[in-house]
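K.L.:
could you look at this predicted model? Sequence included:
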Amino acid sequence: MSNPGLSATIDAVVAEAGVEHGMTVLDMGCGSGQLTIPIARRAARVVAVDVSGTMIDLLNANLRREQLVNVSSLTTALERLALPSS
């Protein structure tokens, strides 16, 4: 990433979220994956959701480039997202 300030902010957000190996993480409004990709490097699985199919296509291209296979992407509005009951 060519923006050191943005890189530092993303690193801080991921660290503050407490993402650990073995976790499943939901990234709501994932866009192109600025948070999804660093989270996927730490978590066992990431579910990435965005309302824009274009953003999901870009995310998937970025995931292929980074060779990350532990991310499931979904195009849907957040208010329509069906989450499992706990």
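P.N.:
That came through fine.
K.L.:
contacts, neighbours, all on C-alpha from now
P.N.:
Noted.
K.L.:
packing partners of the helix or strand harbouring Met55?
P.N.:
Assessed by DSSP states H and E, Met55 sits inside helix 53-66. Applying 3 or more C-alpha pairs under 8 Å, 6 or more residues apart in numbering; DSSP states H and E, we find helix 53-66 packed against strand 71-75.
K.L.:
if you set the cut-off to 10 Å instead, what comes out?
P.N.:
helix 36-40, strand 45-50, strand 71-75 (3 or more C-alpha pairs under 10 Å, 6 or more residues apart in numbering; DSSP states H and E).
K.L.:
and the residue most central in space within the chain, what's its pLDDT?
P.N.:
With distances taken as C-alpha atoms, centre = their mean, Thr36 lies nearest the centre of the chain, 2.1 Å away. Note for Thr36: predicted pLDDT of 97.
K.L.:
same question, the one 10 residues further on
P.N.:
Among the per-residue scores, Val46 shows a pLDDT of 97.
K.L.:
is there a neighbour count for it? I'd like the number.
P.N.:
A count of nearby residues for Val46, using other C-alpha atoms under 10 Å, gives 22.
K.L.:
please report how far Ala43 lies from Leu59.
P.N.:
For Ala43, the distance to Leu59 equals 17 Å [C-alpha to C-alpha, to the nearest Å].
K.L.:
those two: who's more crowded?
P.N.:
Leu59 (23 against 19).
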